[in-house]
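Student: Predicted model and sequence below, questions to follow.
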Amino acid sequence: MHILYFSPSLATFVRKDLEILRQMAEVDVFVFTPSAKWKTPFSFLNQKLFILRKIWSADILMCQFGGYHSFLPALFSKLTGKRCIIVAGGTDCVGFPKMHYGNFQNPVLGLLTCWAFRLCSDIWPVHDSLIKTQSDYDPMQNHAQGILTYCPKVKANLHVIHNGYMQEDWIFSDHKEPRTFISVAAGAGEYRRFILKGLDLVIDAARLFPESTFTIVGNERFEFELELPSNVHLIGFADRHTLNQLFQKNQYYLQLSVSEGFPNAICEAMLCGCIPIGSNVAALPMIIGDTGYVLKHRDISELANLIRLLPEPQPKDYLRCQQRIIHEFPLAKRAEQITQLLQEK
């Protein structure tokens, strides 16, 4: 089997999927990453040349996310009768104009994303909420989201494949520092992404609970004026080793986003024994299950009440978090589903 694989980055989760694919196929990768917006047409040209050189020997074209980079693969697959698969991850399935987030808040990007979804043969979302959903978590944002909300004429085969994780990558600990909370939100220094990731709620909670410690990973500073309480600690980029250390010592992981697909950081934190507190959006309630807490609405009073009523965690509570990810979302399960679906004609 020969696969042409298209992605806007080589993030860790992309590399994991590539490892799965290379167990059963020859894989040629094209990374669509223009260094500046004005260079996007050159990326399209390079991608077109890549496809024209490789497509005749290829069996499948696969795209990580819908977007600019998935349009030409979907189009050429349609013209040549090849199978095209888009792995939908979250951003490519939503539109939040007030936060300037999601493919469908941008008319051109939304149009190309929709065309790609209509032209491809298969869509593999990481959670069923990315197909179509209604959310009342944040009353200030669009309630209806998902692929079929924005592209109702999609006829592709839809198969949900959850993200997967390796227990060996994350070190469990039930020796936690009391009253410690952590949240990972890379690139949230800009205000709209700051709101998207719910960091305003994290900081408001820190003001209300000065005896607790709140750590935010992924931002050394914010690009707007903000007075931080003394119990909020900012950490910039953190590699896996550093994240392991941080997750091991914190009791709770906060994921209070307005929009997500199937977020990785909360699962990785749970593997280290963090008790999850997540917003009532997308995959978060399913990930958390009965091991943690779900914030029903984007409301600081509701969050404060939730934190105020938290019972003192026991070692078994940390262990249950780790075991949920191990049993429900192992990488081997994702690999098995991908392999099975690729072998279907």
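Tutor: Structure received.
Student: mind listing the helices for the chain?
Tutor: 12-22, 40-54, 68-80, 107-119, 147-150, 191-196, 199-208, 240-249, 264-271, 284-288, 300-308, 315-328, 331-343 (DSSP state H).
Student: Tabulate those helices (TSV), appending distance to residue 222.
Tutor: C-beta: built from backbone N, CA, C; applies to glycine. Shown next, in TSV, are the helices of the chain (distance: least, Cβ to Cβ, whole Å):
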stretch	distance to residue 222
helix 12-22	25
helix 40-54	28
helix 68-80	28
helix 107-119	26
helix 147-150	31
helix 191-196	6
helix 199-208	8
helix 240-249	19
helix 264-271	19
helix 284-288	24
helix 300-308	18
helix 315-328	29
helix 331-343	34
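Student: How about residue 69, nearest residue that isn't a chain neighbour?
Tutor: Leaving out its chain neighbours, the residue that sits closest to residue 69 by Cβ to Cβ, 6 or more residues apart in numbering is residue 32, at 3.4 Å.
Student: count of residues packed around that neighbour?
Tutor: Neighbour count of residue 32, defined by other Cβ atoms under 10 Å: 23.
Student: isn't it right next to residue 39, touching?
Tutor: No. Taking Cβ atoms under 8 Å as the definition, residue 32 is not a contact partner of residue 39, at 11.0 Å.
Student: Once you drop chain neighbours, what's closest to residue 338?
Tutor: In this structure, residue 338 finds its nearest non-sequential neighbour in residue 20, 5.5 Å apart by Cβ to Cβ, 6+ apart.
Student: Among the helices of the chain, which comes closest to residue 169?
Tutor: With Cβ to Cβ, the closest approach to residue 169 among the helices of the chain belongs to helix 240-249: 6.6 Å.
Student: Please parse this structure into its domains.
Tutor: Listed by automatic domain parsing, the domain ranges of the chain are 2-164+331-343, 167-328.
Student: Just send those domains back as a markdown table, with mean pLDDT too.
Tutor: Shown next, in a markdown table, are the domains of the chain (pLDDT from 0 to 100):
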| stretch | mean pLDDT |
| --- | --- |
| domain 2-164+331-343 | 95 |
| domain 167-328 | 96 |
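Student: Find the residue at the geometric middle of this protein.
Tutor: In the chain, the centroid-proximal residue (Cα atoms, centre = their mean) is residue 263; its distance is 3.9 Å.
Student: so who does that residue touch?
Tutor: 255, 257, 283-284, 287 (Cβ atoms under 8 Å, 6 or more residues apart in numbering).
Student: Phi first, then psi, for it.
Tutor: Main-chain torsions, residue 263, degrees, to the nearest 10: phi -60, psi 140.
Student: Roughly how far does the residue in the chain sticking out farthest from the centre sit from residue 273?
Tutor: Going by Cα atoms, centre = their mean, the residue of the chain most distant from its centre is residue 56, 32.7 Å out. Distance from residue 56 to residue 273, counting by Cβ to Cβ, to the nearest Å: 51 Å.
Student: Same check on residue 209?
Tutor: The span separating residue 209 from residue 273 equals 21 Å under the rule Cβ to Cβ.
Student: Looking at these two, which has the bigger crowd around it?
Tutor: More crowded of residue 209 and residue 273, by other Cβ under 10 Å: residue 273, with 27 against 17.
Student: how many other residues sit next to the spatially closest residue to that one that is not a sequence neighbour?
Tutor: Nearest residue to residue 273, sequence neighbours excluded (Cβ to Cβ, 6+ apart): residue 318, at 3.6 Å. Around residue 318 there are 23 other residues, counting by other Cβ under 10 Å.
Student: Next: residue 78.
Tutor: By other Cβ under 10 Å, 14 other residues sit near residue 78.
Student: List the contacts of it.
Tutor: Taking Cβ under 8 Å, 6+ apart, we find residue 78 in contact with 84, 119.
Student: hmm, 10 Å instead?
Tutor: Applying Cβ atoms under 10 Å, 6 or more residues apart in numbering to residue 78 gives the contacts 84, 118-121.
Student: cool, and residue 130?
Tutor: Contacts of residue 130 (Cβ under 10 Å, 6+ apart): 88-94, 123-124, 145-148, 158, 160, 260-262, 282-283.
Student: hmm, 6 Å instead?
Tutor: 88, 93, 146, 261 (Cβ atoms under 6 Å, 6 or more residues apart in numbering).
Student: Which two among those residues are spaced furthest apart?
Tutor: 146 and 261 (10.7 Å).
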